[in-house]
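Asker: model this:
(one chain, ligands or ions: 1)
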Amino acid sequence: MQRQKPKGPGKPGPRFKPGTGQVKGKKEATKGRGNGGNQGNQRQNGNNRQLKRPREDIKKSKLAATDTEIGELRAKYAEIDAEAIKKFAQFPLSRKTLKALAESKFVHPTQVQRESIGPALLGKDVLGAAVTGSGKTLAFLIPVLEHLFMNKWSRTDGVGAIIISPTRELAYQIFETLKKVGKHHDFSAGLIIGGKNLKFERTRMDQCNILICTPGRLLQHMDENPLFNTSTMEMLVLDEADRCLDMGFQKTLNSIIENFPPERQTLLFSATQTNTVQDLARLNLKEPVYVGYGGGVGGEGAAAASTSKAAVLAVPELLQQSYVVLNLEDKITMLWSFIKNHLKQKIIVFVASCKQAKYLYEIFCKLRPGSPLLALYGTLHQDRRIAIYEDFLRKSHVVMFSTDVASRGLDFPAVNWVVQLDCPEDVSQYIHRAGRSARNKTRGECLLVLTPSEEEYMISALKEQLNLNIRCVQIDPKKLFSPRVKIEAFLAQFPELRATAQRAFLSYLKSVFLMRNKRLFNVFSLDLDAFAQSLGLAVTPRVPFLEKFLWRQKQLQQQKEKGDEVPDSAAAAAATPVLPKISKQQSFGGASESEDDSDDEDFIKVKRKDHDVEGEPVDLELDVAGGDQDESEEPLVVPKREKLVTKASLAKKALKKNLQVNSKLKFDDEGETLADERSQMKALSARQRSGDKDDDGGIDLVLSKALLTEEDQYDKQRFRELVKKRHKLQRDKLRKKAEQAKGSDEEEEEEEDEAGADDSESDHSVDLSWLPDPDKVYKTKTSQEQEPSESESDAEASVRDESEDEDSLSEDEPAYKRSKLTNKMTLMDTEAIAASLLGS
Ligand SMILES: Nc1ncnc2c1ncn2[C@@H]1O[C@H](COP(=O)(O)OP(=O)(O)OP(=O)(O)O)[C@@H](O)[C@H]1O
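Answerer: Predicted coordinates:
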């Protein structure tokens, strides 16, 4: 969790305790020093008392000034006239808030801010609807700060306000704005979103005054964190309220609301506001003030406004909108040509699923269009998501492929183009996606890409609900460049890319198949072969869920034709989409937060409004191809499928990723690679084997045993070689000694001759039988677990060898053999040995 003002948990800064007027942190600190019983300290305290008094006086006077300020502001609340206000300074806002607003260059409030801040300051519930990019964030952040200020909130008072956002990026953005406008206040704020350290959040949540959270993570803390207490909470804000209240978050939000005190102020904001009575009842709103509703104040810069008592649906005035009709298989060619023609622009491309975003990003990176590329989707790790979000903020020309995770609320400056490559689910989604451009009175353009089957319904819906005359664009075929051949070549070269393409293919079909509005989305109208080819796939992947669905339908049809009575359960089963890979979270095309960060193969992001976070059965309407529209819309039930996460499944997933174990290379000063000592220690065949075969994880016990035996023999062999080497050195030493002895004494020469005669009997060959048997030595060593180190001196090693072999020699061995194995070697013995070795 990040804090607005980083302070160690054990060191609370000066905070005002409501009602007491005491500076709590300092008082405790002074008490702590006194308890130590240190007289010196006490005396020092006594000396400092005089110095401290003025400081305390200053604090007291500050407190008094705050009280006066609060009193004055409260008195002005009743006089707020939204129409007359031109500047923030005309609002009765605290000096700290006004200062921060001025520093952030927020001088003139936007219309939604003018209309909603007044009622919110008075403690009323507000339903705010205003066009995208019109400043709704400040419209709720300012009242939150003012409420806490007016109530002299301190860290020890716990959570005062909770702001809920449907996506993590939006929560992060709100948090960043809060840091700007609340920087002069002493409140602490926390960002509670999935993908962050849960333990860290747990210990600090109770110290936060303002929490900005996503619904899933908030509920998790409510369920699991005993330190988290919401009984002090006085303000609740839902940003993108219609999204928070839709069926996807229904259960989560109901559970969250149950934990809140019923006496609270609630602020709801969205560009496509909710107005259903049930939603408002769920939130326990009391006589809410409607801002931006029909008959009320419209969103600033709204291009169109409804006059009914419904939320205003509008797009920014300076947004230029157009659409193009294309076959599904021509989308990539169109997108490629579009990007090539807009290289110096900032573009967001919206697609239906995470896997499509991933594939487009990867293949376009390979194709190198000449513009920086990014991809933002829900299955990425949270840190990566934030990094990409910030990257897109910073860059002036870039193309970002995104799911609807970026469609709501995100305030990217100067986006030139929004391309809706896959059709939005409804008009609301169209508005939110389009609203990433032309924000806050800037210009922008939006291109909607529709397939022929989507055109009629979508365009009439836009005209009807937005009163919009959207322009149809004809693409000049001469300006189209198809990257198909290159894509096919890349897919042939990179199997992982091919797998990603296959996943993208299936995930798009699934998203269309599960779409609620079957008039708009008809998976059976798509040319699957052409679509697969457009993605670069030579072979069209099988679509098991469609095959099974059609098979069931056929069975049902046959039964009906035969005149058999079809039980209701069988009919329902036949109408059930067979989606073995649907996980419990069926999210909103990636727009919803994904608490699961793994890029799970089996995890499908389904763009559907009635997705259910808890995985309960959901009704769907499905249109059977060729059937009558109204009659064929039968309710479908997606079976509840809790996917078990087993170790085996995790291992399978890891294997699929084909992770390679890191290898270490060492280089010498010249930059040449050095052989890995460890691998050199291996027996040759073991080395060969590990080199031959790809290490695909797991342990092959039989093979390992064989390898170990082999390694053992290899080690023994190496040990024998070492021993032989050592003995050779010994012999050389002895030979030298013998040569010296030869020249020194003549008498000894005769004896030498005798010995030489003896030796000649043994074929003039060097007798090495006195050497210790390496096998015996090896066994003895291992039994004693004392392997001689190579650094040991030869003499020491030789003494040990001798003593070990002493017992094995019989009495009738030649004298020199026996004497050699003792420390007491006579001169005669030495000469005999020398003569034997030299063979003279
Ligand atoms: N009073 C103001 N003066 C100048 N700029 C403002 C003002 N209020 C907001 N802005 C700027 O306008 C931009 C859009 O604001 P914001 O993100 O709050 O819009 P929004 O209505 O919440 O959009 P959306 O519906 O997409 O969530 C931001 O960059 C913000 O800094």
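Asker: For the rest of this, base every contact and every neighbour count on C-alpha atoms.
Answerer: Noted.
Asker: Close to the ligand: what parts of the stretch 1-150 of the chain are there?
Answerer: Selection of the stretch 1-150 of the chain residues close to the ligand by C-alpha under 6 Å from any ligand atom yields 106-110, 131-138.
Asker: Could you say which helix or strand holds residue 408?
Answerer: According to DSSP states H and E, residue 408 maps onto no helix or strand at all.
Asker: My read is that it contacts residue 239, right?
Answerer: No: because the distance of 9.7 Å does not satisfy C-alpha atoms under 8 Å, residue 408 is recorded as not touching residue 239.
Asker: sorry, back to before: just the buried ones from the residues of the stretch 1-150 of the chain next to the ligand, in PyMOL syntax?
Answerer: Selection of the buried residues among these in PyMOL, burial being defined by 16 or more other C-alpha atoms under 10 Å:
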select buried, resi 106+108+109+110+131+132+133+134+135+136+137+138
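Asker: which among the residues of the stretch 1-150 of the chain next to the ligand gets closest to residue 415?
Answerer: For residue 415, the closest of those turns out to be residue 133, at 11.9 Å, with distances computed as C-alpha to C-alpha.
Asker: List the contacts of the closest one.
Answerer: 316, 409, 411, 435, 436, 438, 439, 440 (C-alpha atoms under 8 Å, 6 or more residues apart in numbering).
Asker: what about it, distance to residue 315?
Answerer: Computed with C-alpha to C-alpha, to the nearest Å, the distance linking residue 133 and residue 315 is 10 Å.
Asker: shared neighbours of these two, anything?
Answerer: With C-alpha under 8 Å, 6+ apart as the test, residue 133 and residue 315 both reach residue 435.
Asker: Across the sheet, point out what pairs with residue 448.
Answerer: Following DSSP bridges, residue 448 is listed with bridge partners residue 323, residue 420.
Asker: where do the strands sit along the stretch 151-300 of the chain?
Answerer: Listed in chain order, the strands found in the stretch 151-300 of the chain under DSSP state E, counting those that start in this stretch are 161-164, 189-192, 210-213, 235-239, 265-270, 289-291.
Asker: Does the fourth one reach the ligand?
Answerer: What it means is strand 235-239. No: Strand 235-239 stays out of contact with the ligand when judged by C-alpha under 6 Å from any ligand atom, the minimum separation being 7.7 Å.
Asker: would you turn the residues of the stretch 1-150 of the chain next to the ligand into JSON lines with pLDDT?
Answerer: Shown next, in JSON lines, are those (pLDDT from 0 to 100):
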{"residue": "106", "pLDDT": "95"}
{"residue": "107", "pLDDT": "95"}
{"residue": "108", "pLDDT": "95"}
{"residue": "109", "pLDDT": "95"}
{"residue": "110", "pLDDT": "93"}
{"residue": "131", "pLDDT": "90"}
{"residue": "132", "pLDDT": "93"}
{"residue": "133", "pLDDT": "92"}
{"residue": "134", "pLDDT": "91"}
{"residue": "135", "pLDDT": "93"}
{"residue": "136", "pLDDT": "94"}
{"residue": "137", "pLDDT": "96"}
{"residue": "138", "pLDDT": "96"}
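Asker: Which of the residues of the stretch 1-150 of the chain next to the ligand fall in strands?
Answerer: By the criterion of DSSP state E, membership of these in strands covers no residue at all.
Asker: out of the residues of the stretch 1-150 of the chain next to the ligand, who's nearest residue 345?
Answerer: Taking C-alpha to C-alpha as the measure, residue 345 sits nearest to residue 133 out of those, at 19.5 Å.
Asker: Was I right to think residue 202 contacts residue 225?
Answerer: Yes: in this structure residue 202 lies within contact range of residue 225 using C-alpha under 8 Å: 6.3 Å.
Asker: which stretches of the stretch 251-400 of the chain form helices?
Answerer: 277-282, 331-341, 354-367, 382-394 (DSSP state H, counting those that start in this stretch).
Asker: Any buried residues in stretch 352-368, and which?
Answerer: Using 16+ other C-alpha under 10 Å as the burial criterion, the residues of stretch 352-368 that qualify are 352-364.
Asker: For it, output the C-alpha coordinates as CSV.
Answerer: Output for stretch 352-368, consisting of C-alpha atoms alone and laid out as CSV, is shown next (Å, rounded to 0.1, in the frame of the first residue of the first chain):
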residue,chain,number,x,y,z
ALA,A,352,-12.4,-8.2,-27.3
SER,A,353,-10.0,-10.4,-25.4
CYS,A,354,-6.6,-10.4,-23.6
LYS,A,355,-5.3,-13.1,-25.9
GLN,A,356,-6.1,-11.0,-29.0
ALA,A,357,-4.3,-8.0,-27.5
LYS,A,358,-1.3,-10.2,-26.7
TYR,A,359,-1.2,-11.7,-30.2
LEU,A,360,-1.6,-8.4,-32.0
TYR,A,361,1.2,-6.9,-29.9
GLU,A,362,3.6,-9.8,-30.4
ILE,A,363,3.0,-10.1,-34.2
PHE,A,364,3.1,-6.4,-34.8
CYS,A,365,6.4,-6.2,-32.8
LYS,A,366,7.8,-8.7,-35.2
LEU,A,367,6.4,-6.8,-38.2
ARG,A,368,7.9,-3.5,-36.9
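Asker: No more questions from me, cheers.
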